[in-house]
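Colleague: Provide a 3D model corresponding to the input given below.
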Amino acid sequence: MTPEADSAEAFLDASPAAVGNSGAPALRLGAYEGPLDLLLELARAQRVDLSQLSVATLAEQFEAVVAAAIEQQAVPLPRLADWLIMAAWLTLLRSRLLLPAAAAESAEAEREAQGLRRRLADREWASRLADWLEQRPQLGRQVFARGEAEPNTTINAGAPPLADTAELLRACLRLLVLPHRDRVYRPRPPTLWRVPDALERMRELLPKVGEGADLTAFLPPPSEERVRSQLQQRAALATTFMAGLELGRDGLLALSQAEAFGTLRLIPGRDASTPEGELNVRR
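Modeller: Numbers count the residues shown, from 1 in each chain. Purely as a prediction, here's the structure:
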């Protein structure tokens, strides 16, 4: 005979109530003999007289079955929880026959029964949670944590010694007593192409270029120091455009643009080579 069969026979011999074919304990309660789960189903369907059942006998036999199962370690914990829920429901149904007939006492008993049902539901959820936790991979068995890295002892190697706190405070005080003007930061502005420079260049080139010349023809040459960077080039274009507006206001030229965001062309209005005040406007 195998060791599993020996343990099963020992469990059946040690317990006065055996385990039925359905896995639930078989009880002998006088008026009923059979598994606990079948008794509970018959009681819910009102097909068995619960008044003939002894609650004390039920508790004694159920305690013996559970004690034997725990001692032999033959029944898993979720199955024991199911047995406990079955016995609690059967006890609840049997206790309803003992409720008093008075309305107030019946209401109090009903509240107690509802509380018992809630606790039984909580036990059922706890049993499901225990079963779920038992099936989860456990740390140190199925999964293993990563080891911690060794501390790096070379981080502070070669670092200078700690500064003197008193000297640091004295240096801060010396900075605080400096005049305000010495602590103002004035950035050096970049050299840009100015509007007067653009006006002078446009007056110089306006008589030489043809009618309808592009605005970019009046930009400074690339060799100019003030138009080397991208910022300086964009500033030179904006400055030339402002200078063109100034000359257009004075009537020296007209600005023409055929379409939105198109090429901006300059049409001379007066001879730029003549002195200012003696220029003739071209019609």
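
Colleague: Which parts of the chain are helices?
Modeller: 3-14, 36-44, 55-72, 77-95, 103-135, 165-176, 195-205, 230-250 (DSSP state H).

Colleague: So for Arg28, which of these sits nearest?
Modeller: helix 55-72 (7.0 Å; CB to CB). C-beta coordinates here come from the backbone N, C-alpha and C atoms, glycine included.

Colleague: which strands and helices sit next to the closest one?
Modeller: On a contact count with 3 or more CB pairs under 8 Å, 6 or more residues apart in numbering; DSSP states H and E, helix 55-72 meets helix 3-14, strand 26-28, helix 77-95.

Colleague: so which of the helices of the chain comes closest to Ala145?
Modeller: helix 103-135 (18.3 Å).

Colleague: could you give me the average pLDDT of the closest one?
Modeller: Averaging pLDDT along helix 103-135 gives 84.

Colleague: Just want the angle from it to helix 77-95.
Modeller: 170 degrees (axes from the mean of the first three to the mean of the last three CA atoms, to 10 degrees).

Colleague: Does anything pack onto helix 103-135? Which helices or strands?
Modeller: Packing contacts for helix 103-135, counted by 3+ CB pairs under 8 Å, 6+ apart, involve helix 77-95.

Colleague: got the contact list for the helix it packs on?
Modeller: 23-25, 36-37, 39-40, 43-44, 50, 53, 55, 58-59, 62, 65-66, 69-70, 113, 116-117, 120, 123-124, 126-127, 130-131, 134 (CB atoms under 8 Å, 6 or more residues apart in numbering).

Colleague: before we move on, back to that, let's have the helices of the chain in CSV, adding distance to Leu264 and mean neighbour count.
Modeller: CSV is the format used below for those (distance: least, CB to CB, whole Å; neighbours: other CB atoms under 10 Å):
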stretch, distance to Leu264, mean neighbour count
helix 3-14, 99, 12
helix 36-44, 94, 18
helix 55-72, 97, 16
helix 77-95, 85, 17
helix 103-135, 76, 12
helix 165-176, 53, 9
helix 195-205, 13, 16
helix 230-250, 7, 16
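
Colleague: Which of these comes out lowest on mean pLDDT?
Modeller: Among the helices of the chain, helix 3-14 scores lowest, at a mean of 40.

Colleague: Give me the number of neighbouring residues for Phe218.
Modeller: Around Phe218 there are 22 other residues, counting by other CB atoms under 10 Å.

Colleague: Quick check: pLDDT value at it.
Modeller: Phe218 is assigned 86 on the pLDDT scale.

Colleague: residues contacting it?
Modeller: 198, 201-202, 205, 209, 240, 243-244, 266.

Colleague: any idea what sits nearest Val55, other than its immediate chain neighbours?
Modeller: Of all residues beyond its chain neighbours, the one nearest Val55 is Arg94 (5.6 Å), with distances taken as CB to CB, 6 or more residues apart in numbering.

Colleague: and the gap between that neighbour and Ala67?
Modeller: Per CB to CB, to the nearest Å, Arg94 is found 22 Å from Ala67.

Colleague: Just the CA coordinates for stretch 224-232, please, in PDB.
Modeller: Coordinates of each C-alpha in stretch 224-232 appear next as PDB, following Å, rounded to 0.1, in the frame of the first residue of the first chain:
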ATOM      1  CA  GLU A 224      30.900  93.500 -43.400                       C
ATOM      2  CA  GLU A 225      31.700  92.700 -39.700                       C
ATOM      3  CA  ARG A 226      28.200  93.600 -38.600                       C
ATOM      4  CA  VAL A 227      26.400  90.900 -40.700                       C
ATOM      5  CA  ARG A 228      28.500  87.800 -40.000                       C
ATOM      6  CA  SER A 229      26.100  86.000 -37.700                       C
ATOM      7  CA  GLN A 230      22.600  84.900 -38.400                       C
ATOM      8  CA  LEU A 231      21.200  87.400 -35.800                       C
ATOM      9  CA  GLN A 232      23.200  90.300 -37.500                       C
END
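
Colleague: Done for today, thanks.
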